[in-house]
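Q: Everything below, folded, please.
(one chain, ligands or ions: 1)
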Amino acid sequence: MTELTGGPSLPQERRIVTAIPGPKSLELQARRTATVAAGVGSTLPVFTARAGGGVIEDIDGNSLIDFGSGIAVTSVGSSAEAVVRRASAQLADFTHTCFMVTPYEGYVEVCEQLAELTPGDHAKKSALFNSGAEAVENAVKIARAYTKRQAVVVFDHGYHGRTNLTMALTAKNMPYKQGFGPFAPEVYRVPVAYGYRWPTGPENCGAEASAQAIDQITKQIGAENVAAIIIEPVLGEGGFIEPAKGFLPAIAQFAKDNGIVFVADEIQSGFCRTGQWFACEDEGIVPDLITTAKGIAGGLPLAAVTGRAEIMDAPHAGGLGGTYGGNPVACAAALGSIETMREMDLNAKAKRIEEVMKGRLAEMQAKLDNGAIIGDIRGRGAMIAIELVEPGTKTPNAAAAGALAKACHAEGLLVLTCGTYGNVLRFLPPLVIGEDLLNEGLDIIEAAFARL
Ligand SMILES: Cc1ncc(COP(=O)(O)O)c(CNCCCC(=O)O)c1O
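A: Predicted structure coming up:
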């Protein structure tokens, strides 16, 4: 058994022993530039040596506080004990047979867990894939097969992936879509209830935005032509937007009334990230299909479409598949990730992270002279964000978001930005992060604001 070097046993501390990035990272960066396509970016070019709990150690010996979780993936922490234990055992048994060739129990077990954990007590089935975009692509295939319709409705600020169809579904042009068209047809975009930016104010937003969206679907597409409506219950890359209350129920009801498959894209918000197994639960939404990935398998590539059995069974035999979908090692990792979420009650941990983060961020907003640039504090669980604006306005302030992120990186705190306007600082710590480390990260953010 190889010595376990990462995981929860890693010293849970911020330790800065060189400039960030350090000399070894800079050396490796030169090699990377020579051999890795320029289109593949990195937020912070420090090369990882080990990771676990709430930290990432780089090859120069620095230990960074992780507020990114690899973009909401390592919710249970990188190299979580149960993930490593189960995946290592599976690695030793077999790495791949292709489920479409000879099936294996791990795939079935993951589907059983998904049926149990996802919203709704109806009969459910799943199909497993590798990436979130692949899951979304297949959710569209399944919805079209079931409804015999073609149109797909998505929302402003939505994000669904980087394949041709999911680029069409994604709202933001740069960096995701520019120059990669033409995009798949029969995709239509309607307004979302972005409360902070809604013209008549957040209190009116849910009802007004849903009415506008439904009107556009009805008048410009024809409800009878729509196969699927796809929405993130908390929009991720678009800026951690929680649709104003009432919006999701109205859209879900409209879909139900018109035979449209309602697809919740919980790839970023799912698996305890928002303090519930799935963000849909917040307003009691029971989606027809739900796409999951990221946190499901603790870092191994796994994605799923889960939904009403009669819808999932609509594609003809052989109509769904792919060589690696539901890889056995990734399935073992997922069972380890779910085991960890259950045993450590990571929903409760996520709620505590929300309480700590929102409390500290509200203090920053209140007491800092430039607190006026924190236009909005939002999110749920360990999916929290602040929207930065020009002081006293709602004008997006992407420069401040970038400067703050850069300042945090230099101090050994890994944070990510997002948002259509690039002005959202988002916080996605592993749900297993210690409270001291969480607060130390918030101290760094506060100091960065003071120096802005
Ligand atoms: C809601 C939602 N649906 C779908 C996806 C796509 O998942 P893949 O596993 O990246 O394909 C995501 C992935 N989000 C992070 C993208 C990072 C980047 O590529 O710059 C998501 O958040």
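Q: Which stretches in the stretch 251-400 of the chain count as helices?
A: Chain-ordered helices for the stretch 251-400 of the chain, with DSSP state H, counting those that start in this stretch as the definition, fall at 309-312, 328-343, 346-367, 398-410.
Q: Now the stretch 51-200 of the chain against the ligand: closest residue?
A: Per Cβ to the nearest ligand atom, Gly132 is where the stretch 51-200 of the chain lies closest to the ligand, at 2.3 Å. From N, CA and C alone the C-beta is placed, and that goes for glycine too.
Q: burial count for that residue?
A: Counted with other Cβ atoms under 10 Å, residues neighbouring Gly132 total 27.
Q: Let me see the contact set for it.
A: Applying Cβ atoms under 8 Å, 6 or more residues apart in numbering, we find Gly132 in contact with His160, Gly161, Asp265, Ile267, Thr291, Ala293, Lys294, Ala303.
Q: which of these count as buried?
A: Among the contacts of Gly132, those buried by neighbour count (16 or more other Cβ atoms under 10 Å) are His160, Gly161, Asp265, Ile267, Thr291, Ala293, Lys294, Ala303.
Q: which among the residues you listed are in contact with the ligand?
A: Contacts with the ligand within those, counted by Cβ under 6 Å from any ligand atom: His160, Gly161, Asp265, Ile267, Ala293.
Q: and the stretch 151-300 of the chain, which of its residues are near the ligand?
A: Counting by Cβ under 6 Å from any ligand atom, the stretch 151-300 of the chain sits next to the ligand at Tyr159, His160, Gly161, Arg162, Glu232, Gly236, Glu237, Asp265, Ile267, Gln268, Ala293.
Q: Would you report the backbone torsion angles of the last one?
A: Comment: the main-chain dihedrals of Ala293 come out as phi -170, psi -140, following degrees, to the nearest 10.
Q: Who are the contact partners of Thr395?
A: Counting by Cβ under 8 Å, 6+ apart, Thr395 has contacts Val389.
Q: Thr48 - how many residues pack around it?
A: 14.
Q: That one touches Val55, doesn't it?
A: No - shown here, Thr48 and Val55 do not form a contact pair, counting by Cβ atoms under 8 Å, at 10.6 Å.
Q: Redo the residues of the stretch 151-300 of the chain next to the ligand as a markdown table? Include pLDDT.
A: A markdown table is the format used below for these (pLDDT from 0 to 100):
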| residue | pLDDT |
| --- | --- |
| Tyr159 | 98 |
| His160 | 98 |
| Gly161 | 98 |
| Arg162 | 98 |
| Glu232 | 99 |
| Gly236 | 98 |
| Glu237 | 98 |
| Asp265 | 99 |
| Ile267 | 99 |
| Gln268 | 98 |
| Ala293 | 98 |
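Q: which pair in the residues you listed spans the largest distance?
A: Greatest spacing in those, by Cβ to Cβ: Arg162 and Glu232 (15.5 Å).
Q: ok, the two, which is more surrounded?
A: Shown here are Arg162 and Glu232; by other Cβ under 10 Å, Glu232 has more neighbours (29 against 15).
Q: who touches the closest residue to that one other than its chain neighbours in this structure?
A: Excluding the flanking residues, the one nearest Glu232 by Cβ to Cβ, 6 or more residues apart in numbering is Asp265, at 4.7 Å. Asp265 makes contacts with Gly132, Val136, Ala139, Gly158, His160, Ile230, Ile231, Glu232, Ile290, Thr291, as judged by Cβ under 8 Å, 6+ apart.
Q: tally of neighbours for the second one?
A: Applying other Cβ under 10 Å, we find 31 residues neighbouring Val136.
Q: Could you do Val83 as well?
A: By other Cβ under 10 Å, 27 other residues sit near Val83.
Q: Mind listing what's buried along whatever helix or strand it lives in?
A: Assigned by DSSP states H and E, Val83 belongs to helix 81-93. Buried residues in helix 81-93, counting neighbours by 16+ other Cβ under 10 Å, are found at Glu81, Ala82, Val83, Val84, Arg86, Ala87, Ser88, Gln90.
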